[in-house]
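*Asks:* Make a model of this:
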Amino acid sequence: MLTYLPPADIVAHPGLRIVLVRGVPSPWSQAAKTIFEIKRLPYLAAPLDVGGANAEIAAWSGQNSAPVVAWQDEKPLNRWLDILLLAERLAPDPALLPADPRERALAVGLCHEMMGERGIGWNRRLQMFAGAVATSNAGRLAPLIDKYGFNTADAAAAGARVAATLGMLAAELKAQQARGAAFFVGEALSAVDICWVAVANLIAPLPAAQCPMREASRAGFTATDPLILAALDPVLVEHRDRIFKAHFRDPMEF
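*Replies:* Take a look at the predicted model:
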């Protein structure tokens, strides 16, 4: 059971702590939390309210966003790769990055295409921003628009970019399955599989029983762009469902 503590409590804590987006299945928060849980790393969590000031968190970490992760007296981290590498350092087993250098480079690259700048999450967020900007009703998204930026050209290209990445991911998965491998990279679960489950909720969220959230939020998280829908190969959905069942909290908690 996920328990949130006040931000002041985790700032003062000497161990591993994480700030998570509360109320919606943020891909970045869900991936970080699940990586810690797969590695059996105990942590304390504090909530970030999207659109809120989150003053204590921002003063401590320099970020009004999540996830933010800190270990002992080390500098708080907020980038997905930094968080993954910290988890690998604290709990090398089970490894979520392959030992083979080529496979490791592939894994990091595939994760970036989902979680990094101009990746799936980035572009789907632009599509969400576009609706708010078009109606002059940014509301709680306004701080995020200010933080991550918005321009109409990138928003217009977002659907095609997501579709291209989905096509690439489906091809990778099919090639792996053809050689008898059940994961995106190598022969074992990796961060790529975890990131895919997390970011897929920005395209076709898991059903309410597995991913409960307000219906208004679900509508925003569900892609309607025809290019994206056409590129969402059933093999990707099947993989998402299998990895979720084996490795994620069911239902998701956020």
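*Asks:* This protein: strands as residue ranges?
*Replies:* 16-21, 44-48, 68-71 (DSSP state E).
*Asks:* out of those strands, which comes closest to Asp154?
*Replies:* strand 16-21 (22.5 Å; Cβ to Cβ). To be clear about C-beta, it is placed using only N, CA and C from the backbone, and glycine gets the same treatment.
*Asks:* Need the residues that contact that closest one.
*Replies:* Strand 16-21 is touched from outside by 4, 7, 10-11, 26, 28-29, 32-33, 36, 41-48, 50, 57, 61, 66-71, 90, 254, with contacts defined as Cβ atoms under 8 Å, 6 or more residues apart in numbering.
*Asks:* what lines up beside it in the sheet?
*Replies:* strand 44-48 (parallel), strand 68-71 (antiparallel) (DSSP bridges).
*Asks:* May I see the buried residues of the first one?
*Replies:* Using 16 or more other Cβ atoms under 10 Å as the burial criterion, the residues of strand 44-48 that qualify are Ala45, Ala46, Pro47, Leu48.
*Asks:* re the thing from before, pipe the strands of the chain into CSV and attach mean pLDDT and distance to Gly186 per row.
*Replies:* Putting these into CSV (pLDDT from 0 to 100; distance: least, Cβ to Cβ, whole Å) gives the following:
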stretch, mean pLDDT, distance to Gly186
strand 16-21, 98, 27
strand 44-48, 98, 30
strand 68-71, 98, 25
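*Asks:* need those strands in CSV with distance to Asp250, can you?
*Replies:* Formatted as CSV, the strands of the chain follow (distance: least, Cβ to Cβ, whole Å):
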stretch, distance to Asp250
strand 16-21, 17
strand 44-48, 18
strand 68-71, 23
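*Asks:* For Ala164, find the nearest of those.
*Replies:* Short answer: strand 16-21, nearest of the strands of the chain by Cβ to Cβ, at 26.8 Å.
*Asks:* related to what we said a few turns ago, narrow the contacts of strand 16-21 to those that are buried.
*Replies:* Buried among the contacts of strand 16-21 by 16+ other Cβ under 10 Å: 4, 7, 10-11, 26, 28-29, 32-33, 36, 41, 43, 45-48, 50, 57, 61, 66-71, 254.
*Asks:* which residues make contact with stretch 58-70 from outside it?
*Replies:* Contacts for stretch 58-70 (Cβ under 8 Å, 6+ apart): 7, 10-11, 16-21, 26, 28-29, 32-33, 48, 53-54, 57, 76-78, 83, 86, 143-144, 147.
*Asks:* scratch that, stretch 75-88 is what I was asking about
*Replies:* 28, 31-32, 35-36, 39, 41, 60-63, 65-71, 95-97, 108, 111-112, 115-116, 191, 195.
*Asks:* Helices - which of the contacts of stretch 58-70 land there?
*Replies:* The helices, defined by DSSP state H, take in 7, 10-11, 28-29, 32-33, 57, 83, 86, 143-144, 147 from these.
*Asks:* so which of those residues comes closest to Ala230?
*Replies:* Out of these, the member with the shortest distance to Ala230 (by Cβ to Cβ) is Trp28, at 26.0 Å.
*Asks:* mind checking pLDDT for the closest one?
*Replies:* What the model reports for Trp28 is a pLDDT of 98.
*Asks:* Low-confidence stretches in the stretch 1-150 of the chain?
*Replies:* Applying pLDDT under 70 to the stretch 1-150 of the chain picks out residues 136-140.
*Asks:* Quick check: pLDDT value at the closest residue to Val237 other than its chain neighbours.
*Replies:* Nearest non-adjacent residue to Val237, counting by Cβ to Cβ, 6 or more residues apart in numbering: Ala204, 6.9 Å away. Per-residue confidence (pLDDT) for Ala204: 98.
*Asks:* Then the one 4 residues further on?
*Replies:* The pLDDT attached to Ala208 in the predicted structure is 97.
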